[in-house]
Each structure stands twice: as C-alpha cells, then as structure tokens.
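mind folding the following:
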Amino acid sequence: MKLQFRIPYKQIIIASFLAALIGSFGTPVNAQSQNGIAHRPEKLSPALRENKRKRQNGTVHVIVQLNSAPAGRLDALLKRRGVRVKDKFADLGFISLELPAHTLEELASSSEVSYVSQDLEIGALGHVTSTTGTDAVRTEKTTTTSGGLLGTGLLSTTSTTTTTYDGTGIGIAVIDSGIDQSHYSFKSRIAYSKDFTGENRTDDPYGHGTHVAAMALGYNSEYSGIAPNAKLINLRVLNDQGIGTSSSLINALNWVLANRTTYNIRVVNLSLGAAAIDSYKNDPLCQAVRKLVDAGVVVLTAAGNNGKDGAGTKIYGQIHAPGNEPSAITIGASNSFGTLARDDDGVATYSSRGPTRSFWTDANGVKHYDNLIKPDLVAPGNKIINSMSDVSSSFSNKLVMDNPSLDAQVTSYENRRMMYLSGSSISAPIVTGTVALMLQANPKLTPNMIKMILQYTAQPLEGFNNLEQGSGQLNVEGALRLAKLVRKDLTNSTRLGAPLLTTSTLPTPRTTIAGHTFPWAQGLVLNYGVATGEDLITKYQKVYGTGILMSDGILMSDGILMSDGILMSDGILMSDGILMSDSTPWGGEEVFLPSGILMSDGILMSDGWMFSDGILMSDGILMSDGILMSDSFVQSQNALINGDASPCMSAVPLHY
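Numbering: from 1, shown residues only. Down below sits the predicted model:
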C-alpha cells in the first residue's frame, strides 16, 4: 500500500500568494515583515544579546557600525574607563571596541550607531566558512590501533591520521566573466582557462567571475572559499560589460562535457542566467545542463535576483534559466545579517522565487507552464566579501570602477584586494565548494545523491515557504557528515530499497553552529511538493542514479502526490503542495499552495482565484530571449551592488 500525506490549506494563504504573484502594484509589501527581519533585535545581534545575558559582569568585543561620527553621549561612552577602542575603519565607518557587557544597551541606544555585532576578528577563516559550518568539518582525525600480544593490547601501536576536507583533487569549472589569475587567492590552482566571448582574454575586466570563483575555492587567511585546494577551470563567457550569449554558454558547457575527465571536472558553477521563457524541456541551456548532469557532473545555478520589483514589492516566478532545469541545483540567496549564529537568518528580499514560469505552446496556441518549485536551497549571499579583480588600469573591474564603495578597503596590495558583492550569484559558488568537499569525501556520489543530501541536511528558515528557500539554508557540516556515510558501491542497477548507508545507526539530524542548534530539513523538494521520511537516507532510491530526474519517482493520483513504488519506495511521504516553514523538519506545516494548482497547465486557479503569466515581468522589464547576463542587470544590478540594507559581515584587514 502506498503511503500518502494530505494537508489542508487555507484560502486566505492562497489569496495572499496570488496577490503577490500577479504583481499587486498598489501598496508595496512591507519588506521587513514579509522577509523575517522584523523579529530581529533592532541594533544588537541575537548572539550578542545572549553573550550579554551570560556575561553581565564581564567584557565583550564588538564591531560597531556607525552612521555618523561619535558625538555627545556616545563620545563620552567611548572615553569612559573600561571601554577601549581597539581599531577604527574610517573608510567603512566601523569601530571595534572592548567594553563591559552591561553597557551594550547604552551603546546601541546611541543615534550614531546602526548595528552592534560580535567582533569577527576571532574567525580567522572568515564569516562564510564559519556560518555555513565548513570550519567545523574542515579537518578530521582518525585514530587506529594495530598489533598487540595475543589480542591483549600489549605492545600495540596507535597512529593518528588527519584528513583535511578542502576539495583536493576535484575540478570546478567556473563559467563566468573570467578570473584575475594574478590574485593571491588562486595562487597556482588554475588548471585551465579559455575564452568563449571572442575578446581573446581570460582575465576579469568586469569583476564578477573573480569574486564568484573565490567564494568556491579561493584561499587567504581571512577570506577563504569553501574548497580552497580544488582545481579551478576558468571558462569565460561574459564580456567586459558582464553580458554574453546563450551560444557562448552552450559552447562552454559543451567543452566541459568533452574535457571533464581530463581535468576531473565534477562540478560546474553558473552564476549567470537568462530570462526563463522556453520550457526546460525545450530550452537549449537546460538541455545542455541535463546532458552534463546525466554524465555525472553536478551543475549549480543561481536562482536570480528578481525577488522584488522596483517598488520593493515581493514577486514570484522569476527563476532564471538554466535554473529552471530540474536536474540543476538552483541556489537562492539568504541573509546572515553578519552573524555566525543562524537563528536570525532569512531569505534575502531580492532572491528570485519560484515557481518556474517557462512554458511551451501547443498547436492551439495555449501555453503550458512548467511551474516547478525552485530554488532547491539557499546560501549566504548578502554583502559578502571576497576577491576583487585588478583595478590598476582603466579597463579593469568595471563593477568597482562604476561603484567604488564595493571595495572592502582591507589592503592596498593590488593582488590581494577584496570587494563586497551580493546576490544568488554569490550564494551558488558557496554550495559549489561544498559539493567539492562532499566529492572529496565520497567520490562515488551521483548528482542526484548530492542534491538529496544538500536538501535533507539543510536548515528550514522560519517564515519562508518552499518557493523562497527550497528545502532551506545550506548546512556544510551536516552535508559532509551524511555524505561520508553513503555506500561507495551503489550503481544504477542497485535494487530499490537496498541499504544506502554504511551503518545502521542514523546520523543525528541536527547541527550546531556558533552555539545555535537547528534541525535538518529531513526532506527534499520535488517539482510540486516535499518528500519526507527516513527512507530517503536509509534506503537506496532508484532516482539517485544517473540519467533520471529525482521527480520521476512521484505520481499524482486523485490530486494526491505519492511515491510510485518503482523508482521511490513506499515509505516516502509527499506533502500536498508548497509548505511554509516553522523552522522544524518539513512535513507537518500548513500548505502555502496546493500541488494541484502547480500541476495545472496554463492559467493557475484555485477556488475562484486565478492568475496569468504577468509574473514574467519585473517592474515592467523583461530580459530578452537569447541574451545571457550575469546576475547583475536591471533589478539584479541593484541587488548585486547594494544587497539588502541590513548588517553584514565586517571587513577585517588582511594579515601577511
């Protein structure tokens, strides 16, 4: 008997969704209340408030972001006994302090102070590797005992082996605007470079690709990428204005397919996109991605930066191509608010939301929309600091030349400079680096296994639905821990229901980062609903093989989604639609939008509510077909440069 899971829903929730979906260009949605910001303390980070509670009589080290020069009461506080100004970052408008914990409220009440957070100088490897859980699993020590007299342990020897998970041996193809190969972050790890723009250069005059690549595998002491020892393959498809063509991207993807074994390319990062017009079934970009995935290459794509219109109104249905391709792992942007703990994290307001609105047209001229749930998960992407390409000439780094405030001002050395960037294009390479760590730990993982593990171990963000966050926020610690347990002898011919793990003891489905413990999602998003159940990690599912889509194992009967018992085992439960997270594992939440609505062709409707494809527009602007753009045009450009107006990671001067 097939298990099924039906959840009731409220019409008022659907009405709210539909109003946002069709544009509601009247009164703008309150961005704070709709995006999980309003519940955060106004000026003190949650972690700092907790620290204050525990150390009321002690001292704390903080970073203070100022909106004006200290005066009056604040100036007097800074000169008070017991308060020490450790450093000043004049260009950034920051100061670092050591002060008694009981003075934090007084500090935050000053009008010159915009935000106070813990001093991030303690995180030598940088904010991103800490808040994603990468630092927690970077090294692993294994102790073995051998020998011994007649099994007594006498005269035995003990040895300890240390393994560093840094992407060693894994090739990552970054397809973008080129890379500044002289930057210290890459040293000599660029294995190959090729230009597909016709400009006959592989450096980065636009300034996007260098930052993106560094998020995945750059290395320096303060701002490390996730997989700093992976091999980098630099394929340039965006010109010096950050624009390319679909054909240039297809050419690059074709090159990867032909040369993947030569450079052991296991992962491709696409922090770029075009308007998703054609159904994934027809779009050549999607088809090219599918061929790579079928060949065993994991493809990570940015969801896009069109989650709101010019008036700040939340909109749905703006996932870029090839992020609308089911086999790709599509990444949205989350906002960490500059803290390591994840209890204040939310989805960035600009991150593109599903459903996918690419379509095909039948002989009668009727449009049939894909309406897939995307993104698959989210990762930090708001005002993230990493490598900045050369700005020593007038033809270098257009982004910084046009927007000098992007320079993080952490050093004067040209080949070590850093910059701020925001968007899903910055989030995607963080997950790309994570995949490299997983493949280093377990080279036998298939792209579908990797997608399952990333989603199963993700952190559901409270107050956001599946169309905004997929299964949740990236959890590197959990993903690597589960990846190491998966058997290495699984193939497409492995029987359905065979043991998936090397152990019968299941991993604890929780992770602790910076003192905050959160549950795993324990589910994965499939086209029109959420699959849950321990069978996802205890039993081999046929959909984990290559040459098949994860959603192929799901059927719909009488409006109910269920596993087919052939490609997915009967012990897997399916939700009846898109869920709204309450920060607990997926499965018991209220339905935000039923599956039956998503699965209907053309115009979507439910209980008298209907909407058309007006959501293809963002502030009246639609990217033209065939034009490929990095995550930085029109509304995306503003998100890339400015991000959300919220606290972010602090700039830490580089040490040599």
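
what does the helix or strand harbouring Ile537 contact?
Element membership for Ile537 (DSSP states H and E) is helix 535-538. Applying CB atoms under 8 Å, 6 or more residues apart in numbering, the contact partners of helix 535-538 are 452, 456, 482, 499-501, 506, 522-524, 541, 569, 571-572. For every residue, glycine as well, the C-beta is placed using N, CA and C.

which among the residues you listed gets closest to Asp343?
Gln522 (18.9 Å; CB to CB).

and the residue nearest the centre of the chain, which of the three is it?
Computing the C-alpha centroid of the chain and ranking residues by CA atoms, centre = their mean puts Ala379 first, at 2.5 Å. Under DSSP: H, G, I helix; E, B strand; the rest coil, the three-state class of Ala379 is strand.

wait, it sits on Val476?
No: using CB atoms under 8 Å, Ala379 is not in contact with Val476, being 9.3 Å away.

shared neighbours of these two, which are they?
Thr132.

strands of the stretch 351-500 of the chain, start to end?
359-361, 367-369, 377-380, 384-387, 418-421 (DSSP state E, counting those that start in this stretch).

nearest to Ser271, out of the ones you listed?
Closest to Ser271 of the strands of the stretch 351-500 of the chain is strand 418-421 (CB to CB; 9.9 Å).

tell me the buried residues in stretch 397-408?
For stretch 397-408, a neighbour-count test (16 or more other CB atoms under 10 Å) marks Asn397, Lys398, Leu399, Val400, Asn403, Leu406, Asp407, Ala408 as buried.

who are the contact partners of the first one?
Residues counted as contacts of Asn397 (CB under 8 Å, 6+ apart) are Asp204, Pro205, Tyr206, Gly207, Met388, Ser389, Asp390, Val391.

how about 10 Å then?
Contacts for Asn397 were tallied using CB atoms under 10 Å, 6 or more residues apart in numbering; they are 180, 203-208, 210-211, 240, 388-391, 403, 406-407, 417, 419.

pLDDT wise, what is the closest residue to it other than its chain neighbours at?
Nearest residue to Asn397, sequence neighbours excluded (CB to CB, 6 or more residues apart in numbering): Gly207, at 3.7 Å. For Gly207, the pLDDT comes out at 92.

quick one: Gly207 from Leu257, how far?
28 Å (CB to CB, to the nearest Å).

who has more neighbours, these two?
Per other CB atoms under 10 Å, whichever of Gly207 and Leu257 has more neighbours is Gly207, with 30 against 16.

got any ranges where the stretch 151-300 of the chain has weak pLDDT?
151-156, 221 (pLDDT under 70).

go again with 90.
151-166, 187-189, 219-224, 239-251, 254, 273-288, 291 (pLDDT under 90).

just the stretch 401-550 of the chain next, same as before
Looking at the stretch 401-550 of the chain by pLDDT under 90, you get 402-403, 405-416, 418-419, 463, 465, 513-516, 524, 526-531, 533, 548-550.

quick one: the helices in it?
424-441, 447-456, 466-469, 476-483, 535-538 (DSSP state H, counting those that start in this stretch).

nearest to Thr142, out of those?
Here helix 424-441 is closest among those (CB to CB), at 12.5 Å.

how about TSV for the buried residues of stretch 397-408, with distance to Asn364 added?
Shown next, in TSV, are these (distance: CB to CB, whole Å):
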residue	distance to Asn364
Asn397	51
Lys398	46
Leu399	46
Val400	51
Asn403	48
Leu406	50
Asp407	55
Ala408	55
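
of those, closest to Gly218?
Ala408 (13.7 Å).

how much space between the closest one and Val525?
34 Å.

just Ala479 next, same as before
As judged by CB to CB, Ala479 and Val525 stand 16 Å apart.

what does Ala514 give?
For Ala514 relative to Val525 (CB to CB), the value is 26 Å.

hey, where'd the helices end up in the stretch 201-350 of the chain?
Going by DSSP H, counting those that start in this stretch, the stretch 201-350 of the chain shows helices at 209-217, 246-259, 284-294.

for those helices, which one ends up most surrounded?
Neighbour counts (mean count of other CB atoms under 10 Å) averaged over each of those peak at helix 209-217, with a mean of 32.
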